[in-house]
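> A structural model of the following input is requested.
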Amino acid sequence: MKKVVLSAMALAMGSFVMAQNNSTVEQTDAHLGSSVEVIQDGANESTVNQNNVTSHNGVSTSTVVDQLGNGNNSDVLQGDVWSNGSTGSGLSLDVTQRGANNESTLKQGGTANESTARQVGSINESTITQGGYQNDINLSQTNRGNQSTIFQNWSSNEVFVTQSGFGPGSGGNISTISQTAPRSFIDVDQVGNENNSDIIQTGDGLHGDLTSIVNQYGEENTSDIDQTGSENTIDVLQNGNNNSSIASQDFDTMQSTITVSQTLGANNESIAHQVGTNGTSIMVIQTGNGNMSDVLQTTSSDSSIMVNQNGN
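Now for the predicted structure:
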């Protein structure tokens, strides 16, 4: 069992100035319960590389990075991202950042792994990449100006993103997510002003079983979702003003559904689009003033469209 623990505070003892601490960790043959833990307090940078991560019979290989302060930067690589899930199993990656102007770039490869990133502050950025099967990503960003870009390869993966833009001088959070295989799940919750969510899910041939859920509470939010394959689900809730939603499902999207609910607001727009449909449904509910709905189903059989608009 390998364990590496680094504390920037401990390394800086004996000095009256604790600024610009750097931590670079490389752990080879990181399996059978190997772990890395980095704790930093200040304007720190941390780079962790765990390689040759293999299956470990249920014993977790983990990386923990905890940063407290301004201008922190964390870059973690755990396992082989492009290994098609052949290496690494049950890996755990946890990064916490507190302050302003923090950046976090996480890469994780394998099967049944979990990446967790928490950013508390303003103008934080997080980029997370996972390659493999049955992996989870949990990202939480609080306050204004946060950006998140997530990419998952292979199938049966899940993504949970929570962004909050409320606060002094609140701006807009942006979340962009891409999944490239069937049986995957995405849930995005955005609470605040001027948030933007862009989701692309790609099925495997005729297969899909993809789910995209976007909840936006606030004003001037935008959601753009594109899914391919069959038996897919799109569910968008926009509760606020000036929201816009574009939902599209293509390529034999049989037994797929699109539901868009825009309530408690004005000037909302919704465009729902399904191609190659069979036994599919589109439901649009708009409550407010000046709303617009543009719905299209092509090559459809045993399909339905319902639009309910209550307003002027």
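
> in the stretch 101-250 of the chain, which spans are strands?
103-111, 114-120, 125-133, 136-142, 147-153, 158-164, 174-179, 185-193, 196-201, 211-219, 222-228, 233-241, 244-250 (DSSP state E, counting those that start in this stretch).

> For the nearest residue to Asn101 once chain neighbours are set aside, which residues are in contact?
Excluding the flanking residues, the one nearest Asn101 by CB to CB, 6 or more residues apart in numbering is Gly71, at 4.9 Å. The C-beta positions use only the backbone N, C-alpha and C, and glycine is treated the same way. Applying CB atoms under 8 Å, 6 or more residues apart in numbering, we find Gly71 in contact with 43, 99-102.

> could the strands of the stretch 101-250 of the chain go into TSV alongside mean neighbour count, mean pLDDT and distance to Asn278?
Output for the strands of the stretch 101-250 of the chain, formatted as TSV (neighbours: other CB atoms under 10 Å; pLDDT from 0 to 100; distance: least, CB to CB, whole Å):
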stretch	mean neighbour count	mean pLDDT	distance to Asn278
strand 103-111	24	92	33
strand 114-120	22	94	36
strand 125-133	24	93	28
strand 136-142	22	95	32
strand 147-153	22	94	28
strand 158-164	22	95	27
strand 174-179	22	96	23
strand 185-193	22	92	23
strand 196-201	22	96	19
strand 211-219	22	93	19
strand 222-228	24	95	15
strand 233-241	22	93	16
strand 244-250	22	94	12
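
> Could you say which one of those strands comes nearest to Ile39?
strand 114-120 (14.5 Å; CB to CB).

> could you give the angle of the closest one to strand 136-142?
0 degrees (axes from the mean of the first three to the mean of the last three CA atoms, to 10 degrees).

> Now do strand 114-120: which elements does it pack against?
The contact analysis (3 or more CB pairs under 8 Å, 6 or more residues apart in numbering; DSSP states H and E) places strand 114-120 against strand 92-98, strand 103-111, strand 125-133, strand 136-142.

> would CSV of those with distance to Gln309 be doable?
Shown next, in CSV, are the helices and strands packed on strand 114-120 (distance: least, CB to CB, whole Å):
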stretch, distance to Gln309
strand 92-98, 43
strand 103-111, 42
strand 125-133, 37
strand 136-142, 33
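
> Between those strands, which one is closest to Ser303.
strand 125-133 (32.0 Å).

> and the angle from the closest one to strand 147-153?
Using the same axes, to 10 degrees: strand 125-133 against strand 147-153 is 10 degrees.

> Can you list the strands that strand 125-133 pairs with?
Using DSSP bridges, the strands paired with strand 125-133 are strand 103-111 (parallel), strand 147-153 (parallel).

> With distance to Ser300 as extra columns, can I get the strands of the stretch 101-250 of the chain in TSV?
As requested, the strands of the stretch 101-250 of the chain are exported to TSV (distance: least, CB to CB, whole Å):
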stretch	distance to Ser300
strand 103-111	38
strand 114-120	39
strand 125-133	33
strand 136-142	34
strand 147-153	30
strand 158-164	30
strand 174-179	26
strand 185-193	25
strand 196-201	21
strand 211-219	21
strand 222-228	16
strand 233-241	16
strand 244-250	12
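
> Let me know which of the ones you listed is the nearest to Thr287.
strand 233-241 (9.8 Å).

> Give me the helices and strands touching the closest one, please.
strand 211-219, strand 222-228, strand 244-250, strand 257-266.

> quick one on the thing from earlier: of all the strands of the stretch 101-250 of the chain, which one is nearest Gly265?
strand 233-241 (4.3 Å).

> Could you export the closest one as PDB, CA atoms only?
What follows is strand 233-241, C-alpha atoms only, in PDB (Å, rounded to 0.1, in the frame of the first residue of the first chain):
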ATOM      1  CA  THR A 233     -35.300  11.200 -22.400                       C
ATOM      2  CA  ILE A 234     -34.900  15.000 -22.400                       C
ATOM      3  CA  ASP A 235     -36.400  16.900 -19.500                       C
ATOM      4  CA  VAL A 236     -35.900  20.700 -19.200                       C
ATOM      5  CA  LEU A 237     -37.300  23.000 -16.500                       C
ATOM      6  CA  GLN A 238     -36.700  26.700 -16.800                       C
ATOM      7  CA  ASN A 239     -38.200  28.800 -14.100                       C
ATOM      8  CA  GLY A 240     -37.500  32.500 -14.700                       C
ATOM      9  CA  ASN A 241     -37.300  35.200 -17.400                       C
END
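
> so how far is it off the chain centroid?
17 Å (CA atoms, centre = their mean, to the nearest Å).

> Now do that strand and strand 211-219, the angle between them.
Using the same axes, to 10 degrees, strand 233-241 lies at 0 degrees relative to strand 211-219.
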